[in-house]
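[1] just coords:
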């Protein structure tokens, strides 16, 4: 069987239900989810990290989420809220928040005490300490949390095709329905490419955003330990 | 609850199937990740290659990986082997890094002492470095096992078995109890397996209990 035939057939690259439309939908759901999740999780995580209150809850939540079956959550919410954008969107946000929350919390929490003390000694108030010292120092872990959240969302948005959402997952679900395996494989390759490209984009963004002082460059002879990368902690579904 | 009581036999069958789908890849993954992690820890180039490849594989969403594997493996598209291989890939991707980190954290004094006592590399790895890495490796295995248990359910979107069937069936026939029961069972299984791994980790490191009572060595 010519597995790649579907992917390289120009007929599939235009019009309704074509690759560009599905890709745009997929990116659209992902972007919408990420914006909502960022607005909810970054301030909350920063506040919890700054005050130190409720930290164990954040860690427990992020760990518990790993066991939560995304498909179960999706079908449950779509069953409760009906077919359409809202059900899957709620499920996606629920899955997107904990990694960002945990990354922001851990990032702010793990800022060197001496740095925070120095900031206070220089006369900074709580708010300045948070925005000008703690958050910039926390950035590597915050972005790490965002990366793992993004992968989770792209992956779950694919599965959401099962509950009648659009996006690239449609090719897998629709292809299966008519036993069109090249279509399923083409769709899967596109999903994988989107996930990898998005992750590389954020990795590049991380390089630009994070202060050079915090980026660990390998030096000769001595191996420096980079800030622990929390990414593998939450596997995308 | 009435739905659950009326379908106990089916639920039990799906649970066992799920357990096999989830845990066989974890076992295979450990077996593959140990030598790979050892290699990654030996050379700087090997380390960056394995860790980058692992990161890349880890990025591919599971549903996509289930479908991409058959043409690569020459299997049927709905062959259960695909799920096993896909989840093994994730486990290896996760554990290679853990194993490499765990091995590099073994104090060099201990390794040197073993060498001085006449341990050759292979025996030193098996008898000294590996046992000392157990706590970190077990932490990685716990993450891998729990995600594996959760990921098996994704396979039911394209017709694989396991507890995920309760989601697709409950959705199509509109039986919310079935969906909730499925979620609870997956979470329970994750909890039980996680607990079992903690106990196995303790059994494998009898010295750690002595260490904690004396005060943890730096």
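    Received it, and whenever you're ready, just let me know what you need. Values in this document were obtained by computation on a predicted structure and should not be read as measured data. Numbers count the residues shown, from 1 in each chain, chains lettered A, B, ... in the order given.

[2] Which secondary structure element of chain A has the lowest mean pLDDT?
    Of all the helices and strands that make up chain A, helix A:55-67 has the lowest average by mean pLDDT, DSSP states H and E, namely a mean of 82.

[3] Quick one: list the elements packing against that one.
    helix A:19-51, helix A:86-109, helix B:130-152, helix B:176-204 (3 or more CB pairs under 8 Å, 6 or more residues apart in numbering or on different chains; DSSP states H and E). Heads up, the C-betas are built off the backbone N, CA and C, glycines and all.

[4] Return the most buried member of those.
    The highest average neighbour count among the helices and strands packed on helix A:55-67, using mean count of other CB atoms under 10 Å in any protein chain shown, belongs to helix A:86-109 at a mean of 25.

[5] after that one comes which helix or strand?
    Heading C-terminal from helix A:86-109, the first helix or strand you meet, by DSSP states H and E, is helix A:113-121.

[6] hmm, who's touching that next one?
    A:128, A:129, A:132, A:133, A:134, A:137 (CB atoms under 8 Å, 6 or more residues apart in numbering or on different chains).

[7] relative to helix A:86-109, how tilted is that helix?
    Calculated by axes from the mean of the first three to the mean of the last three CA atoms, to 10 degrees, helix A:113-121 forms an angle of 80 degrees with helix A:86-109.

[8] can you give me how far whichever helix or strand comes after helix A:113-121 is from the chain middle?
    Per DSSP H and E, the first helix or strand lying C-terminal to helix A:113-121 is helix A:126-128. Mean-position distance between helix A:126-128 and its chain equals 28 Å (CA atoms, centre = their mean, to the nearest Å).

[9] Mind checking the pLDDT average for helix A:126-128?
    For helix A:126-128, mean pLDDT is 86.

[10] just checking, what packs against that helix?
    Contact partners of helix A:126-128 among helices and strands, from 3+ CB pairs under 8 Å, 6+ apart: none.

[11] Quick one: residues in contact with it.
    Contacts of helix A:126-128 (CB under 8 Å, 6+ apart): A:50, A:119.

[12] got the phi/psi numbers for residue B:79?
    In terms of degrees, to the nearest 10, the main-chain angles of residue B:79 are phi -70, psi 130.

[13] Is it in contact with residue B:70, as I believe?
    Yes - applying CB atoms under 8 Å, one finds residue B:79 in contact with residue B:70, separated by 6.9 Å.

[14] more crowded one of those two?
    Set residue B:79 next to residue B:70 and count neighbours by other CB atoms under 10 Å in any protein chain shown: residue B:70 wins out with 20 against 15.

[15] pretty sure the more buried one is touching residue B:76, no?
    Yes - taking CB under 8 Å as the definition, residue B:70 is a contact partner of residue B:76 at 6.5 Å.

[16] hmm, which of the contacts of helix A:113-121 are the buried ones?
    Neighbour counting by 16 or more other CB atoms under 10 Å in any protein chain shown classes A:129, A:133, A:134, A:137 among the contacts of helix A:113-121 as buried.

[17] for chain B, which spans come out with low pLDDT?
    Within chain B, the stretches with pLDDT under 70 are B:211-218.

[18] what about the longest helix along chain B and chain A, touching?
    Using DSSP state H, we find that the single longest helix of chain B is helix B:8-42. No - for a cut-off given as CB under 8 Å from any CB of the partner chain, helix B:8-42 has no contacts with chain A; the smallest distance is 10.2 Å.

[19] Okay, now the unreliable bits of chain A?
    Ranges of chain A meeting pLDDT under 70: A:1, A:215-237.

[20] returning to what we had before: out of the buried ones among the contacts of helix A:113-121, flag the one nearest to chain B.
    residue A:137 (22.9 Å; CB to the nearest CB).

[21] In which helix or strand does the closest one reside?
    Element membership of residue A:137 [criterion: DSSP H and E] is helix A:135-159.

[22] Helix A:86-109 and that helix, what's the angle between them?
    Computed by the same axes, to 10 degrees, the angle separating helix A:135-159 from helix A:86-109 equals 160 degrees.

[23] could you say what helices and strands helix A:135-159 packs with?
    Counting by 3+ CB pairs under 8 Å, 6+ apart, helix A:135-159 packs on helix A:19-51, helix A:70-81, helix A:86-109, helix A:169-177, helix A:181-209, helix B:62-73.

[24] Report the angle between the first one and helix A:113-121.
    Translated: helix A:19-51. 70 degrees.

[25] Give me the angle between helix A:19-51 and helix A:181-209.
    Using the same axes, to 10 degrees: helix A:19-51 against helix A:181-209 is 40 degrees.

[26] so what's residue 137 closest to, chain neighbours aside?
    Here I'm looking at chain A. residue A:111 (4.4 Å; CB to CB, 6 or more residues apart in numbering or on different chains).

[27] To clarify, I was referring to chain B.
    Closest to residue B:137 by CB to CB, 6+ apart is residue B:102, at 5.2 Å.

[28] Also compute the angle for the helix or strand where that neighbour lies relative to helix B:62-73, please.
    Residue B:102 is located in helix B:80-104, with elements delineated by DSSP H and E. Put simply, helix B:80-104 runs at 100 degrees to helix B:62-73, going by the same axes, to 10 degrees.

[29] residues near residue B:174, how many?
    Residue B:174: 9 neighbours (other CB under 10 Å).

[30] distance between stretch B:103-121 and the chain's centre?
    Centroid separation between stretch B:103-121 and its chain, computed with CA atoms, centre = their mean, is 28 Å.

[31] Just the buried positions in that stretch, please.
    If you call a residue buried by 16+ other CB under 10 Å, then stretch B:103-121 has these buried ones: B:103, B:104, B:106, B:111, B:114, B:119.

[32] which of those lies closest to residue B:146?
    If you rank these by distance to residue B:146 using CB to CB, residue B:103 comes first, at 23.1 Å.

[33] got a list of what that closest one touches?
    For residue B:103, counting by CB under 8 Å, 6+ apart, the contacting residues are B:37, B:38, B:41, B:129, B:133.

[34] quick one: which of those residues is most hemmed in?
    Neighbour max across the contacts of residue B:103 (other CB under 10 Å) = residue B:37, 28 neighbours.

[35] For the residue minimising distance to the centre of chain B, which non-adjacent residue is spatially closest?
    Nearest to the mean C-alpha position of chain B, counting by CA atoms, centre = their mean, stands residue B:144 at 3.1 Å. Leaving aside its sequence neighbours, residue B:144 sits nearest to residue B:91 (CB to CB, 6+ apart; 4.5 Å).

[36] can you check residue B:197 too?
    residue B:142 (5.0 Å).

[37] if we can go back for a sec, any idea which of the helices and strands packed on helix A:135-159 gets closest to residue A:8?
    Once these are compared by CB to CB, helix A:181-209 is nearest, at 8.3 Å.

[38] gap between the closest one and the chain center?
    Worked out by CA atoms, centre = their mean, helix A:181-209 lies 12 Å from the chain centre.

[39] Show me which positions of that helix end up buried.
    By neighbour count, with 16+ other CB under 10 Å as the criterion, the buried positions of helix A:181-209 are A:181-192, A:194-196, A:198-199, A:202, A:206.

[40] Please go through those and note which also touch chain B.
    A:181, A:184, A:185, A:187, A:188, A:189, A:191, A:192, A:195, A:196, A:199.
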